[in-house]
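[1] Need a 3D model of the following:
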Amino acid sequence: MHYHLIGICGTAMASLAGMLQARGHKVTGSDRDVYPPMSTQLAQLGIEIVQGYQAENCEIDRDVTVVGNTIMRGNPELEEVLNRKMLYRSQAETVRDVFIRAETRPVGSVSRAGEKPLGVSSENTLPTGRVSAKRSLVVAGTHGKTTTTSLAAWMCEVGGLDPTFLVGGVVQNFGQSFRVTDSDYFVIEGDEYDTAFFDKKPKFMSYLPEIAIVNNIEFDHADIYKDLDAIKWQFSRLMNLVPGNGRLICGIDSPVVGEVLSSMAGKLYTTVETFGLSEGAKWQARDIEFTSDGTRFKVFCESEPWGEFTTNMFGEFNVRNCLAVIIAADAWGISRTKMQECFDTFESVKRRMEVRGVERGVTVIDDFAHHPTAVDETLKALRQRYKNNRLIAVFEPRSRSSRLSVFEDQYRRAFAHADYVIITAVFNPEDALRFGSTLLDVGKLITDIAATGKTAITLPDADAIVDHLAPQMQEGDVIAVMSNGGFGGIHEKILNVLTH
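    Residues are numbered from 1 along each chain as shown. The predicted structure is shown next:
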């Protein structure tokens with residue numbers, strides 16, 4: 001079949017494109033303002049990308065159009081799809097029907113006239129053929145999804161399960177964000193963001209979890225959720241999907257996860273495993289020790305010693321990520337020896353505390369953090385790793401929520417672990433106002449951070465930041481660049497300045 005993806009360079013969409021191609025389908029797509037790593041991944045796969053969204057793109061003959069969740073009414077290509085009454089699907093339901101549900105005939109085959117091709121059924125129409133779903137591990141939560149999903153995929157690989165996986169970032173052990181295999185195991189990042197313009201439930205509701213990990217829950221995505229209660233409701237729905245022969249793995253260091261679990265008391269028909277650093281968790285990480293090489297911790301289950309592990313990752317949040325994956329791996333029969341082998345060989349994810357380069361003793365780090373809690377945890381972990389170094393935090397308010405005033409006070413506290421703070425102007429402010437009435441006041445935020453005794457400034461863009469830092473950088477500096485976008489290629493620009 002031929003699938004055409006509108007918004008193909010989004011992290012989940014680019015991964016889906018590669019998965020469809022791996023299944024033997026023809027794939028094309030359209031997007032604009034593309035940037036690595038997904039644009040690079042698609043280029044390496046040889047997938048044709050049309051630049052821009054035009055009605056004429058619908059002249060590309062295809063069987064199914066997959067509409068990304070950033071594509072809204074008014075998009076000229078989407079409007080033409082609707083005008084022509086072309087068959088369209090969301091990313092999440094395509095993943096579910098083509099990859100999680102396994103049919104007895106090849107995807108795309110049709111046995112009787114008028115039957116829909118396999119793998120393109122609507123939510124209320126079963127695919128043709130006998131269905132036997134893969135064993136699906138869904139990783140959800142406000143923070144840590146990509147790292148935890150990547151770790152879970154590598155854990156299953158080391159454990160011999162040969163998983164299919166889809167992750168919202170490039171897993172460095174595999175060199176890509178997806179893989180398609182014939183095994184019974186499927187690992188996927190479960191996003192709470194809505195699915196498509198025509199389907200406003202979270203994407204994680206489509207993935208048929210046998211095991212669901214809920215790392216944490218906080219208010220986020222202020223452009224689509226009214227308040228924290230709206231988010232709690234969606235996570236309660238995910239919890240309610242886990243079957244009796246599955247596992248619900250919940251991080252109760254997050255108070256809101258505990259609240260949602262309490263609200264579901266007596267309503268869940270699965271095994272619930274709680275984890276964290278706190279006393280109330282069934283599975284606990286204790287005696288955590290941060291070293292120059294990584295982290296050591298002990299695992300207790302129901303207060304009994306269960307195992308001791310080391311990881312080359314840093315930060316308490318990564319200890320929690322490891323603990324969640326340990327519980328899932330144990331449920332799927334992976335030995336503790338293999339678990340440690342996984343931790344020893346895990347290479348993390350691109351754009352998650354990724355060292356982009358070290359020049360003249362200056363370390364440049366790329367991180368996807370944009371929610372204030374993620375910013376705080378990233379900087380805290382870097383402070384643990386680089387205890388005696390000057391830590392310079394460079395932040396771009398680019399995500400929909402980060403551009404709004406909703407997290408202004410939390411951002412002030414989030415930069416506490418940095419020595420020097422640079423925040424750019426809000427990215428594309430006119431667009432941001434479509435999702436809320438008040439923009440983040442960067443000037444006020446900088447004033448509030450400076451009032452804590454830190455050096456804090458705002459500069460308009462990447463080039464201005466590079467010009468400002470060029471004469472100031474010194475050996476031992478650690479520059480943590482945080483953005484969920486390309487940020488004008490700032491990482492390479494800083495490294496280039498240091499080499500000249």
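
[2] use CA for all of it now, contacts and neighbours both
    Will do.

[3] and the closest residue in space to residue 157 that isn't next to it in sequence, backbone torsions?
    Excluding the flanking residues, the one nearest residue 157 by CA to CA, 6 or more residues apart in numbering is residue 163, at 6.3 Å. For residue 163, the backbone dihedrals are phi -80, psi 150 (criterion: degrees, to the nearest 10).

[4] Is residue 163 in contact with residue 153, as I believe?
    Yes: counting by CA atoms under 8 Å, residue 153 is a contact partner of residue 163 at 6.6 Å.

[5] Report the contact partners of the residue nearest to residue 157.
    With contact taken as CA atoms under 8 Å, 6 or more residues apart in numbering, residue 163 is in contact with 153, 156-157, 179-181, 183-187.

[6] if we can go back for a sec, anything in contact with each of residue 163 and residue 153?
    Joint contacts of residue 163 and residue 153 (CA under 8 Å, 6+ apart) are residue 187.

[7] Distance of the residue nearest to residue 157 relative to residue 100?
    Counting by CA to CA, to the nearest Å, the gap from residue 163 to residue 100 is 11 Å.

[8] got any residues that touch both of those two?
    Common contact partners of residue 163 and residue 100 (CA under 8 Å, 6+ apart): residue 186.

[9] Now restrict the contacts of residue 163 to buried residues only.
    Those of these that meet the buried threshold are 153, 156, 179-180, 184-187, by 16 or more other CA atoms under 10 Å.

[10] Dump those to TSV, plus pLDDT and secondary structure.
    As requested, the buried ones among the contacts of residue 163 are arranged in TSV below (pLDDT from 0 to 100; DSSP: H, G, I helix; E, B strand; the rest coil):
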residue	pLDDT	secondary structure
153	97	helix
156	98	helix
179	95	strand
180	95	coil
184	95	coil
185	97	strand
186	97	strand
187	97	strand
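
[11] Show me what the longest helix belonging to the chain is packed against.
    In the chain, assigned by DSSP state H, the helix with the most residues is helix 316-331. Helix 316-331 is packed against helix 145-158, strand 247-251, strand 271-276, strand 283-290, strand 295-301, helix 336-345, with contacts defined by 3 or more CA pairs under 8 Å, 6 or more residues apart in numbering; DSSP states H and E.

[12] what about the ones you listed, which gets the closest to residue 399?
    Nearest to residue 399, of all the helices and strands packed on helix 316-331, is helix 145-158, at 16.4 Å by CA to CA.

[13] show me where pLDDT drops low in the stretch 51-200 of the chain?
    Scanning the stretch 51-200 of the chain for pLDDT under 70 picks out 102-132.

[14] What ranges does it have for its strands?
    64-67, 88-90, 101-103, 131-133, 135-140, 164-171, 176-179, 185-189, 194-196, 199-202 (DSSP state E, counting those that start in this stretch).

[15] other SSEs contacting the second one?
    This points to strand 88-90. Going by 3+ CA pairs under 8 Å, 6+ apart, strand 88-90 lies up against strand 64-67.

[16] which outside residues touch the strand it packs on?
    With CA under 8 Å, 6+ apart, strand 64-67 has contacts from 2-7, 78, 86-91, 94, 120, 196.

[17] Also stretch 449-468?
    Stretch 449-468 has contacts (CA under 8 Å, 6+ apart) with 412-413, 415, 419-425, 442-443, 446-447, 487-490, 493-494, 497.

[18] 7 Å - rerun?
    412, 419-425, 446, 487-488, 490, 493-494 (CA atoms under 7 Å, 6 or more residues apart in numbering).

[19] What's the ChimeraX line that selects buried ones from those residues?
    Here is the ChimeraX selection string for the buried members of those, based on 16+ other CA under 10 Å:
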select :412,419,420,421,422,423,424,425,446,487,490,493,494
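
[20] mind putting the contacts of stretch 449-468 in a markdown table, distance to residue 363, pLDDT and secondary structure included?
    As requested, the contacts of stretch 449-468 are exported to a markdown table (distance: CA to CA, whole Å; pLDDT from 0 to 100; DSSP: H, G, I helix; E, B strand; the rest coil):
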| residue | distance to residue 363 | pLDDT | secondary structure |
| --- | --- | --- | --- |
| 412 | 24 | 85 | helix |
| 419 | 15 | 93 | coil |
| 420 | 15 | 94 | strand |
| 421 | 16 | 95 | strand |
| 422 | 16 | 95 | strand |
| 423 | 19 | 93 | strand |
| 424 | 20 | 91 | strand |
| 425 | 24 | 86 | coil |
| 446 | 24 | 92 | helix |
| 487 | 18 | 86 | helix |
| 488 | 19 | 85 | helix |
| 490 | 13 | 91 | helix |
| 493 | 13 | 94 | helix |
| 494 | 10 | 94 | helix |
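
[21] distance between the ends of stretch 251-265?
    End-to-end for stretch 251-265, by CA to CA: 16 Å.

[22] no, scratch that, I was asking about stretch 167-180
    Using CA to CA, the end-to-end distance of stretch 167-180 comes out at 12 Å.

[23] how far is it from where the chain is centred?
    In this view, stretch 167-180 has its centroid 12 Å away from the chain centroid, taken as CA atoms, centre = their mean, to the nearest Å.

[24] how about it: buried residues?
    So stretch 167-180, judged by 16+ other CA under 10 Å, has buried residues 167-171, 173, 176-180.

[25] How about stretch 439-458?
    Applying a neighbour-count criterion of 16+ other CA under 10 Å, one finds 439-440, 442, 445-450, 454-458 buried in stretch 439-458.

[26] Which member of those residues is positioned nearest residue 473?
    Top of the list for closeness to residue 473, among the buried residues of stretch 439-458 and by CA to CA, is residue 455 at 14.3 Å.

[27] Identify the residues contacting residue 341.
    Counted by CA under 7 Å, 6+ apart, residue 341 has zero contacts.

[28] ok so, going back, can you redo the helices and strands packed on helix 316-331 as JSON lines with distance to residue 318?
    Shown next, in JSON lines, are the helices and strands packed on helix 316-331 (distance: least, CA to CA, whole Å):
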{"stretch": "helix 145-158", "distance to residue 318": "8"}
{"stretch": "strand 247-251", "distance to residue 318": "12"}
{"stretch": "strand 271-276", "distance to residue 318": "11"}
{"stretch": "strand 283-290", "distance to residue 318": "11"}
{"stretch": "strand 295-301", "distance to residue 318": "9"}
{"stretch": "helix 336-345", "distance to residue 318": "11"}
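
[29] one step back: JSON lines for the strands of the stretch 51-200 of the chain, including distance to residue 11?
    Output for the strands of the stretch 51-200 of the chain, formatted as JSON lines (distance: least, CA to CA, whole Å):
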{"stretch": "strand 64-67", "distance to residue 11": "13"}
{"stretch": "strand 88-90", "distance to residue 11": "14"}
{"stretch": "strand 101-103", "distance to residue 11": "22"}
{"stretch": "strand 131-133", "distance to residue 11": "24"}
{"stretch": "strand 135-140", "distance to residue 11": "16"}
{"stretch": "strand 164-171", "distance to residue 11": "5"}
{"stretch": "strand 176-179", "distance to residue 11": "8"}
{"stretch": "strand 185-189", "distance to residue 11": "11"}
{"stretch": "strand 194-196", "distance to residue 11": "14"}
{"stretch": "strand 199-202", "distance to residue 11": "16"}
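
[30] Nearest to residue 358 among those strands would be which one?
    Comparing those by their distance to residue 358 (CA to CA), the top pick is strand 164-171, with 21.1 Å.

[31] Please give the centre-to-centre distance between the closest one and its chain.
    Relative to its parent chain, strand 164-171 has a centroid offset of 9 Å by CA atoms, centre = their mean.
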